[in-house]
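Participant: Quick one, what's the 3D model for this:
(one chain, ligands or ions: 2)
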Amino acid sequence: MSIARDIRPRQDDASLLATSPNASFHSPSSHSSAFNRTVPVNAKPLKPFATEDIKVLLLENVNQTGREILSQQGYQVEFLKSSLPEDQLIEKIRDVHVIGIRSKTKLTARVLKEAKNLIVIGCFCIGTNQVDLQYAADQGIAVFNSPFSNSRSVAELVIGEMVMLARQLGDRSSEMHAGTWNKVSNGCWEIRGKTIGIIGYGHIGAQLSVLAEAMGMSVIYYDVLNIMSLGTARQMKTLDDLLAEADFITCHVPELAETKGMIGQKQFEKMKKGSYLINASRGTVVDIPALIDAMRSGKVAGAALDVYPNEPAGNGDYFNNDLNAWGADLRSLKNLILTPHIGGSTEEAQKAIGVEVAQALVRYANEGSTLGAVNLPEVVLRSLTMDEPDHARVIYIHKNIPGVLRKVNEIIGDHNVDKQMTDSRGDVAYLMADISNVDAATIKDLYTSLESLPSRIMTRVLY
Ligand SMILES: NC(=O)C1=CN([C@@H]2O[C@H](COP(=O)(O)OP(=O)(O)OC[C@H]3O[C@@H](n4cnc5c(N)ncnc54)[C@H](O)[C@@H]3O)[C@@H](O)[C@H]2O)C=CC1
Ligand SMILES: O=C(O)CCC(=O)C(=O)O
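Facilitator: Numbers count the residues shown, from 1 in each chain. Ligands and ions are numbered 1, 2, ... in the order given. Below is the predicted model of the structure:
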């Protein structure tokens, strides 16, 4: 009995609808109870047939946990420590079925247009602003991330930074490194009894709220959504209300058109004199020249930045004016902590992200499950079992236009459709159907017929 499967057959290679490899299957264990409920003990391992044909490109030093999960599937995994410039990225992405990135690699429409074999993108981080999600969806390319594996790491960093800024620890440490003993208490504070203003009360903001309260701080927050307050935290009606009341202001919003330059000259004017600003969200959220002015004028007593409008692709002495025009001005400021986008860079977070995203990639490549996808509707079917050897799973990603299901059901309706699920998100719909009693010729027919429909975005048949 053959238990293996397919990948989306490459445009140029119909022979991929071939036989099974012998690679062993490593059943993904998901964090999601919804997914766990769908995996029976005798689940039939659906997987792309010829797993050794699946090419994976991992950039930006994705954690070893993730690399291992993908390699154990038998996939061909290429691993690079840094990101790639666009022209090199385009060369590499042409060939791969799966790509794993972190926050630096820009998967724009221009890059994705060249990715003819790509079925799925894994963002081994929280943010997905570096990917053109809509373009990817329009091409039938699923995108997964890790929505909260590094939230605690970021929240802890911010707590540490508030203490560092309030005590001017960065400056004292630099002075000591230069041989200067400078024992001062002027302008140094406890954080107990101070007010933290959290902008964006999502996974990180809420986690930070709990930690800050435990440190004896009052917590206020501003969010576009009406969100339940944790502990004694209070939601502010407007951003200005928050700015006027907070001693420490910290940003935890995603990169969006609405959050670009969200903290600029006008907002600095609204802040209390001697307040502190922390940004560990995205570099576009804070207008850095305006921050430089606010620090020079003494309005802002200290700041910590982890993210920047332009960040280099890899490690090295790149943080200069060529990268960001104000680099030298920024570096000259006192009581300013600069870190190289390390908010989520802890062993705990990176290991957890590696596992979570790699498992999502395997589940998608092998079983078609979109659970947790950020740009496609979530569709999951319970796994096929070993008692269902002659079944195939049809995945049809299509334009969300009237009449498609009728056409699809005309094709698959002659067969025994055991189960079927479909959902849409915007202009794109995702259909999965398990069909019993099919042979190789039928599978090929199904594939060819679905591919010929004008609504088609991508067809895959797993068996
Ligand atoms: N420095 C680092 O290494 C890391 C940075 N990040 C960044 O932090 C961001 C936030 O992460 P999470 O808390 O996990 O995201 P989240 O999605 O859980 O929360 C974001 C919150 O911001 C709110 N929001 C969106 N637009 C807003 C606006 N205009 N004004 C006020 N609130 C708004 C949302 O309603 C949501 O509650 C990520 O998008 C990512 O860019 C995340 C992890 C690590
Ligand atoms: O660790 C990284 O590379 C990126 C962290 C981050 O900014 C995120 O998770 O959104």
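Participant: pLDDT score assigned to residue 390?
Facilitator: Residue 390 is assigned a pLDDT of 87 by the prediction.
Participant: Please read the previous query as pertaining to residue 414.
Facilitator: Note for residue 414: predicted pLDDT of 88.
Participant: and it, how far is that from residue 171?
Facilitator: Note on residue 414: its distance to residue 171, by C-beta to C-beta, to the nearest Å, is 75 Å. All C-beta atoms are positioned from the backbone trio N, CA, C, and that covers glycine.
Participant: what's the answer for residue 69, then?
Facilitator: Using C-beta to C-beta, one gets 44 Å for the distance from residue 69 to residue 171.
Participant: of residue 414 and residue 171, who's got more company?
Facilitator: Set side by side, residue 414 and residue 171 show more neighbours around residue 171, with 18 against 12, by other C-beta atoms under 10 Å.
Participant: And the contacts of the helix or strand that contains that one?
Facilitator: Per DSSP states H and E: residue 171 is located in helix 169-177. Applying C-beta atoms under 8 Å, 6 or more residues apart in numbering, the external contacts of helix 169-177 come out as 163-164, 181-182, 334-337.
Participant: Name the next helix or strand downstream of that helix, please.
Facilitator: For helix 169-177, the succeeding helix or strand toward the C-terminus, using DSSP H and E, is strand 195-199.
Participant: do the following helix or strand past that next one and ligand 1 meet?
Facilitator: Going down the chain from strand 195-199, the next helix or strand is helix 203-214, by DSSP H and E. Yes: counting by C-beta under 6 Å from any ligand atom, ligand 1 has neighbours in helix 203-214: 203-205.
Participant: which of the residues in helix 203-214 are buried?
Facilitator: Neighbour-count burial for helix 203-214 flags 203-209, 211-213 (criterion: 16 or more other C-beta atoms under 10 Å).
Participant: So which of these is the closest to residue 84?
Facilitator: Top of the list for closeness to residue 84, among the buried residues of helix 203-214 and by C-beta to C-beta, is residue 204 at 28.2 Å.
Participant: pretty sure that closest one contacts residue 156?
Facilitator: No: Residue 204 is not in contact with residue 156 according to C-beta atoms under 8 Å; the separation is 10.3 Å.
Participant: What residues does the residue in the stretch 301-450 of the chain positioned nearest to ligand 1 make contact with?
Facilitator: Nearest residue of the stretch 301-450 of the chain to ligand 1: residue 343, at 2.6 Å (C-beta to the nearest ligand atom). Applying C-beta under 8 Å, 6+ apart, we find residue 343 in contact with 150, 153-154, 157, 280, 306-307.
Participant: helices and strands of the protein: which one bottoms out on pLDDT?
Facilitator: helix 33-36 (a mean of 33; mean pLDDT, DSSP states H and E).
Participant: Whichever of the contacts of residue 343 count as buried, I'd like them selected in PyMOL; how would that read?
Facilitator: PyMOL command restricting the contacts of residue 343 to the buried ones, with burial defined by 16+ other C-beta under 10 Å:
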select buried, resi 150+153+154+157+280+306+307
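Participant: Show me which of the contacts of residue 343 is closest to residue 434.
Facilitator: Nearest to residue 434, judged by C-beta to C-beta, of those is residue 150 at 35.8 Å.
Participant: Report the beta-bridge partner residues of the nearest residue to residue 217 once chain neighbours are set aside.
Facilitator: In space, and not counting its chain neighbours, residue 217 is closest to residue 196: 5.0 Å by C-beta to C-beta, 6 or more residues apart in numbering. In this entry, residue 196 is beta-bridged to residue 219, residue 248, by DSSP bridges.
Participant: where's residue 196 relative to ligand 1, distance?
Facilitator: 15 Å (C-beta to the nearest ligand atom, to the nearest Å).
Participant: could I get the buried residues of helix 203-214 as a markdown table with distance to residue 250?
Facilitator: Shown next, in a markdown table, are the buried residues of helix 203-214 (distance: C-beta to C-beta, whole Å):
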| residue | distance to residue 250 |
| --- | --- |
| 203 | 14 |
| 204 | 9 |
| 205 | 8 |
| 206 | 13 |
| 207 | 12 |
| 208 | 7 |
| 209 | 10 |
| 211 | 12 |
| 212 | 9 |
| 213 | 14 |
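Participant: In JSON lines: these, plus pLDDT.
Facilitator: Output for the buried residues of helix 203-214, formatted as JSON lines (pLDDT from 0 to 100):
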{"residue": "203", "pLDDT": "98"}
{"residue": "204", "pLDDT": "98"}
{"residue": "205", "pLDDT": "98"}
{"residue": "206", "pLDDT": "98"}
{"residue": "207", "pLDDT": "98"}
{"residue": "208", "pLDDT": "98"}
{"residue": "209", "pLDDT": "98"}
{"residue": "211", "pLDDT": "98"}
{"residue": "212", "pLDDT": "98"}
{"residue": "213", "pLDDT": "98"}
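Participant: any idea where the helices of the stretch 1-150 of the chain begin and end?
Facilitator: All helices of the stretch 1-150 of the chain, identified by DSSP state H, counting those that start in this stretch, fall at 33-36, 64-72, 86-93, 109-112, 133-138.
Participant: so how far is the longest one off the chain centroid?
Facilitator: Remark: helix 64-72 is offset 18 Å from the chain centroid, using C-alpha atoms, centre = their mean, to the nearest Å.
Participant: Stretch 142-161 too?
Facilitator: Distance of stretch 142-161 from the chain centroid (C-alpha atoms, centre = their mean) equals 11 Å.
Participant: For the stretch 201-350 of the chain, which segments are assigned as strands?
Facilitator: For the stretch 201-350 of the chain, the strands defined by DSSP state E, counting those that start in this stretch occupy 218-222, 234-235, 248-251, 275-279, 300-305, 336-338.
Participant: Distance of whichever residue of the stretch 251-400 of the chain sits closest to ligand 2 relative to residue 306?
Facilitator: Per C-beta to the nearest ligand atom, the residue of the stretch 251-400 of the chain with the smallest distance to ligand 2 is residue 344, at 3.9 Å. Using C-beta to C-beta, residue 344 is found at 9 Å from residue 306.
Participant: Grab the most central residue of this structure for me.
Facilitator: residue 145 (3.3 Å; C-alpha atoms, centre = their mean).
Participant: near ligand 2, which residues of this protein show up?
Facilitator: 102-103, 125-127, 150, 344-345.
Participant: Might you list the low-confidence residue ranges for this structure?
Facilitator: Scanning the chain for pLDDT under 70 picks out the ranges 1-52.
Participant: What residues does the residue of it at minimum distance from ligand 1 make contact with?
Facilitator: Closest to ligand 1 within the chain is residue 202: 1.7 Å, counting by C-beta to the nearest ligand atom. Residue 202 is in contact with 223, 252, counting by C-beta under 8 Å, 6+ apart.
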